[in-house]
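J.: need a structure here:
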Amino acid sequence: MSHESFIAAVALIGIVIIISSLLSGAVERTGLPQVAIFLLVGVVLGPAGLDLIRFTLESPALQVIATLGLVLVLFSDGVTEEVDPNDQQFGEERLANMVAELSSRPAAEIVQEVHRAVHAFTQGAAAADDITVVIARRL
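T.: Just a heads-up that it's a prediction; the model follows:
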């Protein structure tokens with residue numbers, strides 16, 4: 001990837017982040033899932049619509065996005081279904097937020113932190129199911 005392509009891709013990502021931030025309140029008020037709106041915008045702007053944006057697996061912008069933040073998280077249901085003493089589940093949202101906060105750390109460290117958080121959440125109670133977490137990221 002050339003220096004110019006990298007700069008253009010980072011600029012595009014910055015523009016998307018700024019526009020997303022500006023529109024986030026309006027999107028939330030629609031009541032529609034953000035993923036649905038994201039996909040709809042992709043269809044409208046992509047090859048099936050106005051053909052303004054065209055990403056392939058070789059696209060510099062996609063390579064920059066993958067390099068900057070791609071973290072694949074595989075987990076067993078035992079992670080999200082563990083309960084605290086009040087019978088509240090650890091939940092997918094808590095796990096997603098935690099991984100997002102730790103995404104810059106090494107994969108092994110993220111796994112350790114998830115295990116620690118689940119153990120603290122259950123206040124040391126024995127696990128009712130397996131607690132399996134696998135983190136993969138692009139190097």
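J.: does anything pack onto whichever strand or helix holds E93? Which helices or strands?
T.: Using DSSP states H and E, the element containing E93 is helix 92-102. If you count contacts as 3 or more CB pairs under 8 Å, 6 or more residues apart in numbering; DSSP states H and E, helix 92-102 packs onto strand 71-75, helix 77-81, helix 107-121. For the C-beta atoms, the positions are set from N, CA and C on the backbone; glycine is no exception.
J.: how is the chain divided into domains?
T.: Following automatic domain parsing, the chain resolves into domains at 3-67, 70-137.
J.: got the angle between the helix holding E93 and helix 107-121?
T.: Angle, helix 92-102 to helix 107-121, by axes from the mean of the first three to the mean of the last three CA atoms, to 10 degrees: 140 degrees.
J.: how about the CA coordinates for helix 92-102, as CSV?
T.: Output in CSV follows, covering the C-alpha atoms of helix 92-102 (Å, rounded to 0.1, in the frame of the first residue of the first chain):
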residue,chain,number,x,y,z
GLU,A,92,-22.9,-9.9,25.3
GLU,A,93,-23.0,-6.1,25.7
ARG,A,94,-20.7,-6.2,28.7
LEU,A,95,-18.3,-8.5,26.9
ALA,A,96,-18.4,-6.3,23.7
ASN,A,97,-17.7,-3.2,25.7
MET,A,98,-14.9,-4.8,27.5
VAL,A,99,-13.2,-6.1,24.3
ALA,A,100,-13.7,-2.7,22.7
GLU,A,101,-11.9,-1.0,25.6
LEU,A,102,-9.1,-3.6,25.6
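J.: check which residues of it are buried.
T.: 94-95, 98-99, 102 (16 or more other CB atoms under 10 Å).
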